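1. the amino acid sequence is not available; the structure is as follows:
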């Protein structure tokens, strides 16, 4: 057990190092491309840091264990557990990170139009994904149609996010790099090529660290006797969402609220559209109690954010409610209900 804990600590250190490299390079890339913080956070950062939790369900479905039932449970749990973690625990951790400088009565202030757009697209997509659970597995054409709708939703979201970028840059929401490119401190020129190299190194370390963390968590969970579905809903997302959590906490502490929240909500849209589209077609995608309750909590947490956003931003103490929702779900699930 001590060796497993040491492995987890080492992988966590790799993730923290990689997140620093990744966020620093991404800020410089966004500044060089003259794009808005919304595009940098909601598309570049969100998709980049979402790779670990994207890889896990795909590996489980296509190249998992000899048991197809376990593969499907891990795949479904990882797909639905990621947005659950992002909308509840990750949001709460960002709020906690902002408390020392802003207080519980203070605000976080992501660019409002992009924040609202992300949540609207996510809520729409996740309702469609939830509805698909009640479509019989034999109705392949209906399921295929719902999967196609989810894919279409994501591509429309990309188009709208990119098209809004120029105006946001003019309005003062362009991506800015406040610190030197880390690789340039070793003597390399601070250009696009060096930025891309640092971005690639950071992303590779993020994936390596998250995968190593997942393996360690799985080993620990086996010792504790946790089921595959519960493991994938609760344990795996903690590891796979670490990149988003760490990147967003770094940005929120630097006052880059749009990047911080875009990283979270953009990943929610990505994981609420493309991954469920795969799950609907390749797994039973059935409305089991622990799955439905997780979907309900995710929708409730996202709706809470959407309802409470104001022109001045989101009050920090209201974001702590999202953490309470996660704790309530955890307690409900672990007590065997």
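-> Ah, there it is. On a predicted model such as this, the values are computed, not experimentally measured, just so you know.

2. and residue 279, how close does it get to residue 157?
-> Residue 279 sits 19 Å away from residue 157, going by C-beta to C-beta, to the nearest Å. Heads up, the C-betas are built off the backbone N, CA and C, glycines and all.

3. phi first, then psi, for the residue sitting nearest the centre point of the chain.
-> Nearest residue to the geometric centre of the chain (C-alpha atoms, centre = their mean): residue 267, 4.2 Å. Taking degrees, to the nearest 10, you get phi -70, psi -40 for the backbone angles of residue 267.

4. what's the answer for residue 310, then?
-> Note on residue 310: backbone dihedrals following degrees, to the nearest 10 are phi -130, psi 180.

5. kindly report the same for residue 311.
-> Here is the backbone geometry of residue 311 (degrees, to the nearest 10): phi -60, psi -30.

6. what's it in contact with, if anything?
-> residue 112 (C-beta atoms under 8 Å, 6 or more residues apart in numbering).

7. again, only using 10 Å
-> Taking C-beta atoms under 10 Å, 6 or more residues apart in numbering, we find residue 311 in contact with 109, 112.

8. any idea how far it is from residue 105?
-> Residue 311 is 17 Å from residue 105, by C-beta to C-beta.

9. quick one: the strands in the stretch 1-150 of the chain?
-> Along the stretch 1-150 of the chain, the segments classed as strands by DSSP state E, counting those that start in this stretch run 107-108.

10. so, low pLDDT: which residues of the stretch 201-337 of the chain?
-> 210, 213-218, 220-222, 224-232, 234-236, 238-244, 336-337 (pLDDT under 70).

11. what ranges do the strands span in it?
-> Using DSSP E, counting those that start in this stretch, strands in the stretch 201-337 of the chain cover 314-315.

12. neighbours of the closest residue to residue 16 other than its chain neighbours, just the number please.
-> Excluding the flanking residues, the one nearest residue 16 by C-beta to C-beta, 6 or more residues apart in numbering is residue 246, at 6.0 Å. Applying other C-beta atoms under 10 Å, we find 24 other residues in the vicinity of residue 246.

13. hang on, residue 246 packs against residue 93?
-> Yes: the criterion here is C-beta atoms under 10 Å, and residue 246 meets it with residue 93 at 9.4 Å.

14. burial of residue 296, as a residue count?
-> Neighbours around residue 296, by other C-beta under 10 Å: 14.

15. my read: it touches residue 127, true?
-> No: the pair residue 296 and residue 127 fails to qualify as a contact (C-beta under 10 Å) at a distance of 11.1 Å.

16. any idea how far residue 283 lies from residue 249?
-> Going from residue 283 to residue 249 by C-beta to C-beta gives 32 Å.

17. please disregard the earlier target; I meant residue 80.
-> 24 Å.

18. for the residue of the chain most remote from its centre, grab phi and psi.
-> Distance from the C-alpha centroid of the chain, by C-alpha atoms, centre = their mean, peaks at residue 187 (33.9 Å). When quoted as degrees, to the nearest 10, the phi and psi of residue 187 stand at phi 110, psi -10.

19. distance of it from residue 181?
-> Distance of residue 187 to residue 181, computed by C-beta to C-beta: 12 Å.

20. same check on residue 312?
-> In terms of C-beta to C-beta, residue 312 sits 33 Å off from residue 181.

21. check residue 156 too.
-> 34 Å.

22. more crowded one of these two?
-> Of the pair residue 156 and residue 181, residue 181 is the one with more neighbours under other C-beta under 10 Å, namely 22 against 12.

23. list the residues that contact the more buried one.
-> Contacts of residue 181 (C-beta under 10 Å, 6+ apart): 21, 24-25, 27-29, 188-191, 194-195, 197-198.

24. excluding chain neighbours, what is closest to residue 279?
-> residue 79 (4.8 Å).

25. and for the one you found, the neighbour number?
-> Residue 79 has 32 neighbouring residues, counting by other C-beta under 10 Å.

26. got it, and residue 152?
-> Neighbour number of residue 152 under other C-beta under 10 Å is 13.

27. equivalent analysis for the one 3 residues further on, please.
-> Using other C-beta under 10 Å as the criterion, residue 155 is surrounded by 11 other residues.

28. mind listing what's buried in the helix or strand hosting it?
-> If you go by DSSP states H and E, residue 155 is part of helix 140-163. Buried residues in helix 140-163, counting neighbours by 16 or more other C-beta atoms under 10 Å, are found at 143, 146, 147, 149, 150, 153, 154, 157, 158, 161.

29. and the pLDDT at the second one?
-> The pLDDT attached to residue 146 in the predicted structure is 97.
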